[in-house]
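Q: Quick one, structure for this:
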Amino acid sequence: MPRKKRGLPYKLLPRPTKDENGQPLLYARPAIDIRYPMGFLDDFCHDHRGMHSGELTRAFECFLDVAAIHMKKGERIDTPIGSFAVKLRLDGDYSDPKKVKTKNVQYAGIEFIPSKDFVKALESQLKEGFVYRPDRVHTKSMQTLREEGTIDEALQKCLERRNFTIHTFCYYSDMKYSTARDYLNKLCKGDPPLLQKRKFGTSMLFSPYREKEEEKK
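A: Next up is the predicted model:
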C-alpha cells in the first residue's frame, strides 16, 4: 500500500501518563513549525481577497482596542470567528462565598470560544485528513540536498509566495535553521540579488527581489 503523502502533518509526543506496560501514552499535535506574522496574512488578503494593503492589520488593531474597553466591564464580545471574554480565577480553594474577598479574585487571561462558522471553515480545509511526520533529523549535507534537487524545489515553492520566513524554507528544504538562514542571506547579495529581506516584528521576511521604482528610472 502506498504511503499517504497528503494531509495535515502531525507528530506523536509522549504524555506524562503511562500504559499498563509502563510506556508513555502518546498525543498528537501538528508537525508544522511555521509561524506567520500579521504582515504575511495582510499581504495574502491584499493579493487574493481584494482587501486594501494594511486593512486587515488595522482591523485587528482596532478590534484589540475596542474589545478591551468592553471586556473590562465583564462583557463578552461575539465575532464571526468566535467570542471573547475575561477569564477569572481564585487564589485558593473556597467553598464559602462569604470568605471570598475582592483581593482573592485574579485575572486569568482571555477565554476564546470558536464560532460554529470558524470551526466549519477549518474542517472544510481538512478533508485530506492527516499524515504522520516524525521529527526529522537533519543529517543530509548541502551537497546531497543540491544533488537531490531539494533546495531548488524548496526555493521555488517559497518564491511562489509573496513573503516567506526561514522556518518556511526549513520546512520545504529539510535544512537546519542556521544553515537555511545563511543560505537565504547569501541569496540577498549580488547584483542583482535573487531575494530581498525585511524585518517584521520578530521575524525576517524574504521575498523575490524587485528593483525600486527610482532605480528603474
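Q: With adjacent residues omitted, what lies nearest to residue 27?
A: In this structure, residue 27 finds its nearest non-sequential neighbour in residue 15, 5.3 Å apart by Cβ to Cβ, 6 or more residues apart in numbering. C-beta here means a position set from N, CA and C on the backbone, and glycine is covered the same way.
Q: Could you count how many residues lie near that neighbour?
A: Neighbourhood size, residue 15 [other Cβ atoms under 10 Å]: 10.
Q: what's the answer for residue 180, then?
A: Neighbours of residue 180 (other Cβ under 10 Å): 23.
Q: go on, the one 4 residues further on?
A: For residue 184, the tally of surrounding residues (other Cβ under 10 Å) stands at 23.
Q: I figured it was touching residue 196, is that so?
A: No. In terms of Cβ atoms under 8 Å, residue 184 does not count as a neighbour of residue 196; the distance is 10.6 Å.
Q: got any residues that touch both of the two?
A: Common contacts of residue 184 and residue 196 (Cβ atoms under 8 Å, 6 or more residues apart in numbering): residue 206.
Q: Quickly find the element holding residue 122.
A: helix 116-124 (DSSP states H and E).
Q: Just the CA trace of that helix, in PDB.
A: Provided in PDB are the C-alpha atoms of helix 116-124 (Å, rounded to 0.1, in the frame of the first residue of the first chain):
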ATOM      1  CA  LYS A 116     -19.500  27.300  14.500                       C
ATOM      2  CA  ASP A 117     -18.700  29.000  11.200                       C
ATOM      3  CA  PHE A 118     -15.000  29.200  12.100                       C
ATOM      4  CA  VAL A 119     -15.000  25.500  13.100                       C
ATOM      5  CA  LYS A 120     -16.700  24.500   9.900                       C
ATOM      6  CA  ALA A 121     -14.400  26.700   7.800                       C
ATOM      7  CA  LEU A 122     -11.400  24.900   9.200                       C
ATOM      8  CA  GLU A 123     -13.000  21.400   8.900                       C
ATOM      9  CA  SER A 124     -13.600  22.100   5.300                       C
END
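Q: starting at the chain centroid, how far to that helix?
A: How far helix 116-124 lies from its chain's middle: 18 Å, per Cα atoms, centre = their mean, to the nearest Å.
Q: Also stretch 158-166?
A: Distance, centroid of stretch 158-166 to centroid of chain: 14 Å (Cα atoms, centre = their mean).
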